[in-house]
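In: Sequence and predicted structure are below.
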Amino acid sequence: MRVNIANLRRTKGDVGNFKFSEEFPSMGTGIDQIGFQTPVNVQFEITNIGKSLLVKGKMDTKLCVPCSLCLKEFIYPLNIGFEDEWVSEEQADEEQRDTALVYSEDEFEIDERIIGQIYLHLPMKFVCAEDCKGLCSKCGADLNTTVCGCNDEDIDPRLSILQGWNKGV
């Protein structure tokens, strides 16, 4: 997604509205692959506040992700609100170089910034439903659809000595 801010950066108080819809390739998060089920829809407003540009916007998409408990793929809706500061390279101080988007031209790509916002808003684990039971740790059966015959009362042999601990009371 290319943004042209040539007119906005000249006059303090100027405001510009932008709207994009773009397809992104799948992203990896270490173990999982996350696919985009729908295009990423982005809309934002840029306000010239003097030495920098204030960007407020929102984006939404639907992701195809595996559940961390039962491993089934499901659709995860992602709705993000964001706020950024954009500053030109010649006006950026040391702190802004770490926290703001620093640009050197009047037109530039913001795809990397959008992907960064998506990564920031992903949960630690994707869970398909609040009541997902996951997989049996012994036989691997999906406990949402099957009742397996595994014994849940198996005790780690290293802890078996504690079985009689509180029975005398």
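Out: Alright, I've got the coordinates.
In: Report the separation between the most centrally placed residue in the chain and K58.
Out: Taking CA atoms, centre = their mean as the criterion, L122 is the residue nearest the geometric centre of the chain, at 2.6 Å. Between L122 and K58 the computed distance is 16 Å (CB to CB, to the nearest Å). All C-beta spots, glycine's among them, are computed from the backbone N, C-alpha and C.
In: Same question for K51.
Out: Taken as CB to CB, the span from K51 to K58 is 25 Å.
In: and what of E130?
Out: Taking CB to CB, one finds E130 at 25 Å from K58.
In: Could you check which of those two has the larger neighbour count?
Out: K58 (12 against 5; other CB atoms under 10 Å).
In: next helix or strand past the top strand by length along the chain?
Out: Longest strand of the chain, by residue count under DSSP state E: strand 73-88. As assigned by DSSP states H and E, the chain's next helix or strand after strand 73-88 is helix 94-99.
In: Could you identify the helix or strand that succeeds that next one?
Out: Counting by DSSP H and E, the next helix or strand C-terminal to helix 94-99 is strand 101-103.
In: Give me the next element, helix or strand, following that following strand.
Out: strand 107-109.
In: Verify the contact between K56 and E45 for me.
Out: Yes - with contacts counted by CB atoms under 8 Å, K56 reaches E45, the gap being 5.5 Å.
In: which residue packs closest to G57, ignoring adjacent ones?
Out: Distance criterion CB to CB, 6 or more residues apart in numbering; nearest residue to G57, sequence neighbours excluded, is F44 at 2.6 Å.
In: oh, I was asking about V55
Out: Spatial nearest neighbour of V55, excluding adjacent residues (CB to CB, 6+ apart): D84 at 4.2 Å.
In: May I have the residues that are in contact with that neighbour?
Out: By CB atoms under 8 Å, 6 or more residues apart in numbering, D84 lies in contact with 54-55, 100-101, 113.
In: list the contacts for the nearest residue to K62 once chain neighbours are set aside?
Out: Nearest non-adjacent residue to K62, counting by CB to CB, 6+ apart: Q37, 4.1 Å away. Listed by CB under 8 Å, 6+ apart, the contact partners of Q37 are 61-64, 75.
In: same thing but 7 Å
Out: Neighbouring residues of Q37 by CB atoms under 7 Å, 6 or more residues apart in numbering: 62-64, 75.
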